[in-house]
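>>> here is a sequence with its predicted model. Questions after.
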Amino acid sequence: MSNPIKLEFVALDITGKNYLSWILDVEIHLDAMGLGDTIKEENKASNQDKAKAMIFLRHHLHEGLKMEYLTIKDPVNLWKSLKEKYDHKKIVILPKARYDWMHLRLQDFKTVSEYNSALYRISSKLKLCGENVTDADLLEKTFSTFHTLYVLLQQQYREKGFKKYSELISCPLVVEENNELLMKTHESHPTSSTPFPEVNVTSFRNFGRGSDRNHGRNRGRGKGHHHYRSRSGYTNYYSDNKNTHQKWMNSEEI
């Protein structure tokens with residue numbers, strides 16, 4: 001016989017490795033079901049609502065946890081017991097998340113999409129641990145970790161005055177997607193059958209001239225480490241890596 005309740009998200013693992021994301025999912029779903037008060041201290045929820053909340057909570061627990069808390073019938077008590085068991089995970093997760101944030105650099109990723117995913121994954125962990133990560137922090141993290149060869153492009157993005165990280169990152173993401181589509185189209189036709197789009201030819205030429213100027217300025221300079229401090233207080237460390245290339249930048253026009 002199948003379980004009558006659909007699994008809305010990943011059940012809480014017995015190791016507690018997904019505890020922080022699990023409690024967020026539970027709170028959101030219980031609120032949507034009108035049962036958010038059932039896990040709060042001194043609530044006035046009806047027995048029926050408490051039973052519904054317990055069914056939902058137990059359904060999203062590892063089988064071992066279901067057996068461990070088999071006799072608990074009040075969702076508040078179950079919530080408190082799980083908190084006592086797994087809340088210490090923050091002590092382990094937070095230092096690792098801070099370390100990952102400190103060493104997160106746009107220049108280390110092959111694509112903007114990969115960087116964007118990593119940034120959201122790390123910042124989400126920080127937020128779940130109670131850290132305040134703002135759009136200003138995300139913007140500064142991105143600006144300060146551009147490759148040194150693309151300092152002009154970074155300055156042009158800064159001058160646009162973006163207030164939200166999503167507004168900034170959408171620009172190179174669109175360019176990246178267009179480049180991928182262009183390459184697929186180009187590879188699917190013989191070289192002589194389809195002319196290369198003029199707009200992209202111009203973009204590549206313009207960017208090439210800018211890159212040469214920047215590259216020239218960097219010649220003769222010793223390799224060193226640069227330190228930036230974002231508004232969140234986290235320090236970013238990176239060094240010149242001229243073998244790292246950002247394909248998405250090669251057709252960017254401001």
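In hand now; what should we look at? Not measured: the values here are computed from a predicted model.
>>> any low-confidence regions in the stretch 151-254 of the chain?
189-254 (pLDDT under 70).
>>> name the nearest residue to Leu20, sequence neighbours excluded.
Leu128 (4.1 Å; CB to CB, 6 or more residues apart in numbering). (Each C-beta comes from the backbone N, C-alpha and C, glycine too.)
>>> contact partners for Lys163?
Going by CB atoms under 8 Å, 6 or more residues apart in numbering, Lys163 touches Asp135.
>>> correct me, but the residue nearest to Leu20 touches Asp25?
No. Look at Leu128 against Asp25 with CB atoms under 8 Å: they stay out of range, at 11.2 Å.
>>> okay, strands next: where are they in the chain?
225-229, 235-239 (DSSP state E).
>>> the more surrounded of Leu128 and Asp25?
Leu128 (18 against 15; other CB atoms under 10 Å).
>>> most centrally placed residue in this structure?
Tyr120 (1.1 Å; CA atoms, centre = their mean).
>>> which residue ranges make up the domains of the chain?
Here the domain assignment for the chain is 19-86, 90-251, based on automatic domain parsing.
>>> and those as a markdown table, adding distance to Lys6?
Shown next, in a markdown table, are the domains of the chain (distance: least, CB to CB, whole Å):
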| stretch | distance to Lys6 |
| --- | --- |
| domain 19-86 | 9 |
| domain 90-251 | 24 |
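>>> what count of nearby residues applies to Thr111?
Neighbour tally, Thr111, other CB under 10 Å: 16.
>>> correct me if wrong: it contacts Glu176.
Yes. Using CB under 8 Å, Thr111 is in contact with Glu176, at 6.1 Å.
>>> what's around Ala11, how many residues?
17.
>>> now Leu12
So Leu12, with other CB under 10 Å, has 23 neighbours.
>>> ramachandran angles for the residue lying closest to Ala11 once chain neighbours are set aside?
Of all residues not flanking Ala11 in the chain, His60 sits nearest, at 4.8 Å (CB to CB, 6+ apart). Main-chain dihedrals, His60, degrees, to the nearest 10: phi -110, psi 30.
>>> any idea how far Val174 is from the residue nearest to the centre of the chain?
For Tyr120, the distance to Val174 equals 18 Å [CB to CB, to the nearest Å].
>>> what do you get for Lys6?
For Lys6 relative to Val174 (CB to CB), the value is 36 Å.
>>> measure Ser81 to His186 for me?
59 Å.
>>> likewise Thr111?
18 Å.
>>> about what we covered before: which pLDDT value goes with the residue nearest to the centre of the chain?
pLDDT for Tyr120: 95.
>>> now Ala51: how far from Ala45?
In terms of CB to CB, Ala51 sits 10 Å off from Ala45.
>>> in the stretch 1-150 of the chain, where is pLDDT below threshold?
1-5.
>>> again, only this time at 50
For the stretch 1-150 of the chain, applying pLDDT under 50 flags the ranges 1-3.
>>> quick one: the helices in it?
19-32, 47-59, 63-68, 75-86, 89-102, 112-128, 135-144 (DSSP state H, counting those that start in this stretch).
>>> out of these, which gets nearest to Lys40?
Proximity to Lys40 (CB to CB) singles out helix 75-86 among those, at 7.0 Å.
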